[in-house]
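Trainee: Coordinates for the following, if possible.
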Amino acid sequence: MVKIFYSSKFAREYRKLPLSAKKTAEKKEKIFRENPFDSKLKTHKLKGGLRDFWSFSIDRKYRIIFEFATEEKVWFHSVGAHDIYGLWE
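Mentor: Numbering: from 1, shown residues only. Got it, this is the predicted structure:
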């Protein structure tokens, strides 16, 4: 099972999400803990300035940017709509 650590940036962004997105995110996080590459998550490696990071979908609008520290440890760095990618570059 994957251990997740949350950055302060992630925590701030998460608090701003609509309640429905938070509920879906909790369900997706449970799936992620069991298998970060479950097809329901649409996990993918990012490119360009974000090439060291990965992302998975909460729903059609929201996603989480994360980083593998080890195979068992992951840092969640950011959460938000698709435009969060542009905030990192």
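Trainee: Can you list the buried residues in the longest strand anywhere in the chain?
Mentor: Counting residues, the longest strand found in the chain (DSSP state E) is strand 73-81. Within strand 73-81, the residues that qualify as buried are 74, 76, 77, 78, 79, 80, counting by 16 or more other Cβ atoms under 10 Å. For glycine as for every other residue, the C-beta is placed from the backbone atoms N, C-alpha and C.
Trainee: cool, and stretch 57-64?
Mentor: Quick answer for stretch 57-64 (16+ other Cβ under 10 Å): 57, 58, 62, 63, 64.
Trainee: Repeat that for stretch 13-25.
Mentor: Buried residues in stretch 13-25 (16+ other Cβ under 10 Å): 13, 14, 17, 21, 24, 25.
Trainee: In JSON lines: those, plus pLDDT.
Mentor: Output for the buried residues of stretch 13-25, formatted as JSON lines (pLDDT from 0 to 100):
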{"residue": "13", "pLDDT": "96"}
{"residue": "14", "pLDDT": "97"}
{"residue": "17", "pLDDT": "96"}
{"residue": "21", "pLDDT": "96"}
{"residue": "24", "pLDDT": "97"}
{"residue": "25", "pLDDT": "97"}
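Trainee: No more questions from me, cheers.
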